[in-house]
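Trainee: would you be able to build a 3D model of this:
(4 chains)
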Protein chains: 4
Amino acid sequence: MLIQLNNTCSEDKANELIDHIKSVGLKPNQVVTNNAHYLICLGKAEVDIRTIGKLDGVKDVHIVDDESKLVSRQWRVNDTAIDLGDEITISRDNLTLTLGPCAIESEEQVEEIVNFLSENDVKLMRGGIFKPRSSPYAFRGLGIEGLKFFSHQCKTRGIKVVTEVMQVSQIEEMYPYVDIFQVGTRNAQNYNLLDALGRLDKPILLKRGMSSTISEFLAAAEYIFCNGNENIILCERGIRTFEKMYRNTLDLNAIPLLKEKSHLPVFCDPSHGIGIREHVETMALSSVMAGADGVLMEIHPIPEKAFSDGQQTLNFPEAKRSIDRLKQTRNFRKMLFQENSKTT
Amino acid sequence: MLIQLNNTCSEDKANELIDHIKSVGLKPNQVVTNNAHYLICLGKAEVDIRTIGKLDGVKDVHIVDDESKLVSRQWRVNDTAIDLGDEITISRDNLTLTLGPCAIESEEQVEEIVNFLSENDVKLMRGGIFKPRSSPYAFRGLGIEGLKFFSHQCKTRGIKVVTEVMQVSQIEEMYPYVDIFQVGTRNAQNYNLLDALGRLDKPILLKRGMSSTISEFLAAAEYIFCNGNENIILCERGIRTFEKMYRNTLDLNAIPLLKEKSHLPVFCDPSHGIGIREHVETMALSSVMAGADGVLMEIHPIPEKAFSDGQQTLNFPEAKRSIDRLKQTRNFRKMLFQENSKTT
Amino acid sequence: MLIQLNNTCSEDKANELIDHIKSVGLKPNQVVTNNAHYLICLGKAEVDIRTIGKLDGVKDVHIVDDESKLVSRQWRVNDTAIDLGDEITISRDNLTLTLGPCAIESEEQVEEIVNFLSENDVKLMRGGIFKPRSSPYAFRGLGIEGLKFFSHQCKTRGIKVVTEVMQVSQIEEMYPYVDIFQVGTRNAQNYNLLDALGRLDKPILLKRGMSSTISEFLAAAEYIFCNGNENIILCERGIRTFEKMYRNTLDLNAIPLLKEKSHLPVFCDPSHGIGIREHVETMALSSVMAGADGVLMEIHPIPEKAFSDGQQTLNFPEAKRSIDRLKQTRNFRKMLFQENSKTT
Amino acid sequence: MLIQLNNTCSEDKANELIDHIKSVGLKPNQVVTNNAHYLICLGKAEVDIRTIGKLDGVKDVHIVDDESKLVSRQWRVNDTAIDLGDEITISRDNLTLTLGPCAIESEEQVEEIVNFLSENDVKLMRGGIFKPRSSPYAFRGLGIEGLKFFSHQCKTRGIKVVTEVMQVSQIEEMYPYVDIFQVGTRNAQNYNLLDALGRLDKPILLKRGMSSTISEFLAAAEYIFCNGNENIILCERGIRTFEKMYRNTLDLNAIPLLKEKSHLPVFCDPSHGIGIREHVETMALSSVMAGADGVLMEIHPIPEKAFSDGQQTLNFPEAKRSIDRLKQTRNFRKMLFQENSKTT
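Mentor: The predicted structure is shown next:
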């Protein structure tokens, strides 16, 4: 059971409610976000929700069968929209393109990419400053210094910064320069990191673990939400299978399923998903048709010289063409469903 | 090395060529199809292909690095088109919709579906008469009697019959009633069946094995082709992963990859792929955007009463809407790429 | 519900029972094996099994919850033992070593191996005469001529012949020369083949499909049993995962689980399982410790010259040492459990 | 190339060597552990190792082809042995049993288990105080207070404490109470955590990620080693596959392979691996036969009342019997190989 409290509900009133919940045999978990105040009530005691609904301070009550409660669409009628400021909103009503290099390499590289994005009306740039690498001897990113010029360049052009955070201790120094914190596939079950990000007031782009089930993926989002942060983007990026011809197996089945199960926006990362430059655009278009609300793609002025992931990275002319096709495809899909469908 | 002989090349001349190939240290495999006469020359001996190209009887010579030779697009410039007669052609220039019930259940059921397809201009109907079932106690299909009325009903309306063959001994009695023989996922490596189907003059719809790699899938097609049958359709239908929320994990990555590696048409079966009725259409549209040349979908007058697979089967109104959207999506894609692109 | 009839039960009496079963709302499937006469009664009708048990002609009645009924150990107290004649029995009380080359290559090769096995008291030889190969251009086995001398050589030394059958049409000509028919991993769901083998009076060695679940594996065995053949050996041989360092991932978890769920003997094939010559013995010993009732290993006089699978094949000195260690390990395990434990 | 420096090599001398390595076109990484001083030299420049070997300060030089250098057995002749003090050593010459509850629940629970271990001569106890849980609402462990009494109880009986650390910030407060830090499967690619643990002077028990390849697993160990900590234990604990009957698929193939590729001790965790109480012992015995140098098993005074993982946890009588059988099996294996074999 999920209880949403009135925003005017006092702390005393909330505590009274919590005591009441306990008295009927349920275990309440209090969650306060920027947006609302919730009680997640766990347990098997049967309760008449109409009675609960009439209690003072209660705005609404919902039965939520799903294991993950707050991210479930069983209780929330409206899909989550994330306001980034500057009239940029991530939601199921838009297609949010998020482009950038695998790794931030130099201020010149950032500047070139920012210019390209600006010219093509792309509002989010993603680039890695802390790089999780399988080998400890590989390039591990420019770190906080790289983030500073990355942020600086973006701000001058009204572009939002998306970058991966790898551990709790990095959050504080990254905070001033980041608009959306990304959780990478290797940290999809790093629960302390999820807890800490849940206490922030900035949105989180949560990548699916490379072998996470849908249920585990939603549970990871629940970790963030139940710590107080409602602004979460789910991102499919490919799972691990026996197939060796692609880097990962991009699982587009996840897109309609996540949109059915959750109210959160769902993005797709075809660059990591298939990992083959020639097919990134095709998978991106396919993901939009599957309902993706955003697409991440790796671009670089000269992919052949990229420090990492060059084989899955588009150059500017390729990216320009793809941006155009992705937008057309999103519009076509909207037309096809002949409605501002939020849920399909 | 793949040598295509002149169609006028005599048997004697072919044998001379074969001897020559042997003399230079390669092992020739002779393949004669309705369409052409090939020598697949295996081995590591280095040969000057210009010299071979000048030999009497030789039409063309190609180096083919791929493990599977005849199905590789390294040698064939034009994509394979399959003429079914009655002006029905399967190729990369069309979208071929193939609808029908999981199992043929009765003549009335077939008649209803044939009427529906006919009204909606769908030219291929698929239905199972031999059903591979995990449990020996489950319904295993109506067999050859079912096929007879299935075929009869289809013929009256100009619809082509697609049905699964499970073993070599069934081929002969099925032959008069079938337009396209389907090989199911469980038989994807049943090599004797593939050999036998390779000796037929009717097209084969080859489903990917539930844990086949792309390379094994193409090798299965090679089995058919090298026995003499060029008319093969590759069909992605979902692979097995750790995810439990879908029946299978439809692998749309396979579509652009198969189209890159092979000249054969590539279909997609979202009904088995995701296995959830509400999401079949979404995955179908997504597969068309990924480049699928055909889509298989399970339909039934009353899915709730279907003998099998009801949970992934569309009813007529759903199917009608999907047919329309699939055609629009195909047209949109064509427009998007602004060309009669055969290969993307 | 599984009903075992008295062996003296007449056909009329059986038909009466069948009518009775139908009248109480269950669907009876009659199974007659060399050993016994069963009715597998499917359906949800609730029946008092004591009432059924008292009916004329009924020997015993059991509730079997498992999906696969006849192979389930819910009803059979004693484990299945398979008598091969000449005092050779496959059962949970022995360790049955089954050695031989991947492919039968020549009579000389067979003779050498037969001598080796004979000297080392190994009673079963396995060798392929029909080889399922991913590529149609690879060596596909010597066929029936190879089987003839394989059988001839084995008979002279009292060794039993195990070989793979790939399709129904091969059974008849193979029959006189084969002691145990093997079903390969690619045919694990070739239901027509399973049906046909179920009608034989010779034992079947059934390999697990490379991506079969335990439940599907048992269902494949049920196909054989319900056609009348009780003599089935289950064989774990590795599944497909994301790991690239081994050929397959030998799944030893399957051994205790299959022995818990079924009364059939369970073998293990480490040669295909891990596919690395240096580690075949280790995995073989480990499988015996996990409870395997038999081990298959590939051996060859000169593995480096084997037509196929040389990289996972032992030479004679290696095989000799492994045979000895496997026997010791089996004895040690028996001692460790201090009982003629049939089920652990 | 891996260069081991003389322990007497001065810092100046080391810097000279580093400069020399750079001058020949390689990139040196300096690694100083409690045990030795290494230079890991990466790059493709060809160097005559004999020349390098003669340089002042160099103890030994090795070519290491493996991606992970320091953990590779290509350079280290002797296997790694980890001295825990009090005459407890983890190495390939022993079987190190490590038992304990999934979660530390109370001081009484710890005391009971410590007594049991002490009576049975088990020297390592593992118990969770920080529990990674899929759901944020599940019990997440007693935290540092639990660790204090866990450590206290163990110390009184000479038992070593093994517990999972989930993030860098926990290390400092845990340090005084922990003998071996465990990295759990979800943190197998949490590189910051691995880096930080690499700077400790206490051993690390590194669990394989639930979908880690062998190569990624070794790379995770390399992260720890190249930060200065040589004392690493690799632990197989099951991978994720399509099989639903077990919790995970314990991959015993990994054991001989890890022992071939690395010089580190290799443990096995059958409790998480198969996740079924009745089969934990069987898989444990099987893992010892596969060469495991240590076994982790979950035990609890009353598994049915355990806060978590009860279904895979042994009670004391079961554990007692298993301890005895595991030791016997290890001795049997040693006898079987008739040598103090360190590597097989």
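Trainee: show me the contacts for A:Gly294.
Mentor: By CB atoms under 8 Å, 6 or more residues apart in numbering or on different chains, A:Gly294 lies in contact with A:90, A:94-98, A:233, A:235, A:265-268. Glycine gets a C-beta too; all of them are placed from N, C-alpha and C.
Trainee: any regions of chain A where pLDDT drops low?
Mentor: The model of chain A has pLDDT under 70 over residues A:339-344.
Trainee: do you know how far A:Leu5 is from B:Lys54?
Mentor: Taking CB to CB, to the nearest Å as the measure, A:Leu5 falls 87 Å from B:Lys54.
Trainee: between the two, who's got more neighbours?
Mentor: Neighbour tally, A:Leu5 and B:Lys54, criterion other CB atoms under 10 Å in any protein chain shown: the higher count belongs to A:Leu5, 21 against 10.
Trainee: what sits closest to that one if chain neighbours are left out?
Mentor: Among residues not flanking A:Leu5 along the chain, A:His37 sits closest, at 4.2 Å (CB to CB, 6 or more residues apart in numbering or on different chains).
Trainee: same deal with A:Ala36?
Mentor: Per CB to CB, 6+ apart, closest to A:Ala36 is A:Gln4, 5.8 Å.
Trainee: touching, that neighbour and A:Asp60? I think so.
Mentor: Yes: A:Gln4 lies in contact with A:Asp60 (CB atoms under 8 Å); the separation is 4.6 Å.
Trainee: could you check which of the two is surrounded by more residues?
Mentor: A:Gln4 (19 against 16).
Trainee: centre of the chain versus the helix or strand containing that one, how much separation?
Mentor: Using DSSP states H and E, A:Gln4 maps to strand A:2-5. How far strand A:2-5 lies from its chain's middle: 24 Å, per CA atoms, centre = their mean, to the nearest Å.
Trainee: list of residues touching that strand?
Mentor: By CB under 8 Å, 6+ apart, strand A:2-5 touches A:13-14, A:17, A:21, A:36-41, A:52, A:57-62, A:64, A:69-70, A:75.
Trainee: so does the next helix or strand after it get close to chain D?
Mentor: Counting by DSSP H and E, the next helix or strand C-terminal to strand A:2-5 is helix A:11-23. No: using CB under 8 Å from any CB of the partner chain, we find that helix A:11-23 stays clear of chain D, coming within 13.8 Å at best.
Trainee: so what touches helix A:11-23?
Mentor: A:3, A:5, A:9, A:27-28, A:30, A:37, A:39, A:41, A:55-58.
Trainee: and these, which of them are buried?
Mentor: Buried subset of these (neighbour count, 16 or more other CB atoms under 10 Å in any protein chain shown): A:3, A:5, A:9, A:28, A:30, A:37, A:39, A:41, A:57-58.
Trainee: closest one of those residues to D:Glu278?
Mentor: A:Cys41 (35.9 Å; CB to CB).
Trainee: just checking: what are the partner strands of the strand or helix carrying that closest one?
Mentor: For A:Cys41, the host element (DSSP H and E) is strand A:37-42. Strand A:37-42 has its sheet partners listed here by DSSP bridges as strand A:2-5 (antiparallel), strand A:27-32 (antiparallel).
Trainee: nearest residue to the middle of chain A?
Mentor: Nearest residue to the geometric centre of chain A (CA atoms, centre = their mean): A:Ile233, 2.1 Å.
Trainee: that one and chain C, how far apart?
Mentor: From A:Ile233 across to chain C, the span is 27 Å (CB to the nearest CB, to the nearest Å).
Trainee: which SS class is the closest residue to chain D within the stretch 201-344 of chain A?
Mentor: The nearest approach of the stretch 201-344 of chain A to chain D comes at A:Ser211, 3.5 Å away (CB to the nearest CB). Assigned state for A:Ser211: coil (three-state reduction, DSSP: H, G, I helix; E, B strand; the rest coil).
Trainee: show residues contacting the lengthiest helix in chain A.
Mentor: Assignment by DSSP state H gives helix A:316-337 as the longest helix of chain A. The contact list for helix A:316-337, computed with CB under 8 Å, 6+ apart, reads A:95, A:97, A:99, A:116, A:120, A:122, A:277, A:280-281, A:284-285, A:288-289, A:291, A:295, A:297, A:299, A:301, A:314, A:340-341, A:344, B:285, B:289, B:325, B:328-329, B:332, B:336.
Trainee: change it to 7 Å
Mentor: For helix A:316-337, the external contacting residues (CB atoms under 7 Å, 6 or more residues apart in numbering or on different chains) are A:95, A:97, A:99, A:116, A:120, A:122, A:281, A:284-285, A:288-289, A:295, A:297, A:299, A:301, A:314, A:344, B:289, B:325, B:328, B:332, B:336.
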